[in-house]
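Visitor: Provide a 3D model corresponding to the input given below.
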Amino acid sequence: MILAVSRGVNSIAQFLSVLFVFLFVCGITWFSTRYIARLQQGNMSSGNMELIEAFRIAPGKYIQIVKIGTKYLALAVCKDTVTLLTELREDEVKMTEKKDLVSFKELFEKATKRTEKDE
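Guide: As a prediction, the model looks like this:
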C-alpha cells in the first residue's frame with residue numbers, strides 16, 4: 001500500500017517537473033521570437049530602403065514594390081535573380097496603412113470559439 005502511494009507521489013512529481021520545464025521552454029521561445037521580430041522589423045523599415053508591398057506569383061517568385069531613397073521600383077524577385085520591372089511615380093503607388101500584427105492570443109481565441117460552435 002505504501003509502495004503504491006509513493007509511486008503515485010513520484011509520478012505526480014515527475015509530471016509537474018516536466019510541465020514546469022515545458023512551460024519554461026515555451027516562455028523562452030516566446031520572448032526570443034518577439035525579440036527577433038522587433039529586431040527584424042527595425043532593420044526592414046530604417047534607412048533609405050523600405051519594402052512597400054510584395055505579391056507572390058509562384059513558389060519562390062515575387063513582385064515587390066520597393067522604395068529606395070525617393071524612388072519607387074517594381075522588382076521581380078526569384079530564387080537566384082532580382083530584375084527591375086519598372087520605376088513607378090509616387091502618385092502611382094497606393095500607400096496603405098501598416099496593419100498591426102495579430103497576436104497569437106487573438107488567433108487562439110477565434111479558434112476556440114469556432115470549435116465550441118462546431119460542438
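Visitor: what packs against the host helix or strand of K110?
Guide: In the assignment (DSSP states H and E), K110 maps to helix 104-118. Contact partners of helix 104-118 among helices and strands, from 3 or more Cβ pairs under 8 Å, 6 or more residues apart in numbering; DSSP states H and E: none. Quick note: C-beta positions are derived from backbone N, CA and C, even for glycine.
Visitor: Work out which residue lies at the spatial centre of this structure.
Guide: Central residue of the chain (Cα atoms, centre = their mean): A37, 7.3 Å from the mean position.
Visitor: Surely that one is in a strand?
Guide: No: checked against DSSP: H, G, I helix; E, B strand; the rest coil, A37 lies outside a strand; its state is helix.
Visitor: For this structure, give me the ranges with low pLDDT.
Guide: Within the chain, the segments meeting pLDDT under 70 span 1-6, 42-46, 97-101, 115-119.
Visitor: can you give me the helices for it?
Guide: 2-45, 104-118 (DSSP state H).
Visitor: what about those helices, which gets the closest to V82?
Guide: When these are compared by Cβ to Cβ, helix 2-45 sits nearest V82, at 16.3 Å.
Visitor: can I assume L51 is in contact with Q64?
Guide: Yes: counting by Cβ atoms under 8 Å, Q64 is a contact partner of L51 at 6.3 Å.
Visitor: okay, the two: which has more neighbours?
Guide: Neighbour count, other Cβ atoms under 10 Å: between L51 and Q64, Q64 has more, with 17 against 12.
Visitor: What are the neighbouring residues in contact with the more buried one?
Guide: Taking Cβ atoms under 8 Å, 6 or more residues apart in numbering, we find Q64 in contact with 51-55, 74-75, 77.
Visitor: what's in contact with the lengthiest strand in the chain?
Guide: Secondary structure of the chain per DSSP state E: the longest strand is strand 49-58. Counting contacts by Cβ under 8 Å, 6+ apart, the residues outside strand 49-58 that touch it are 44, 62-68, 72, 77, 93, 95.
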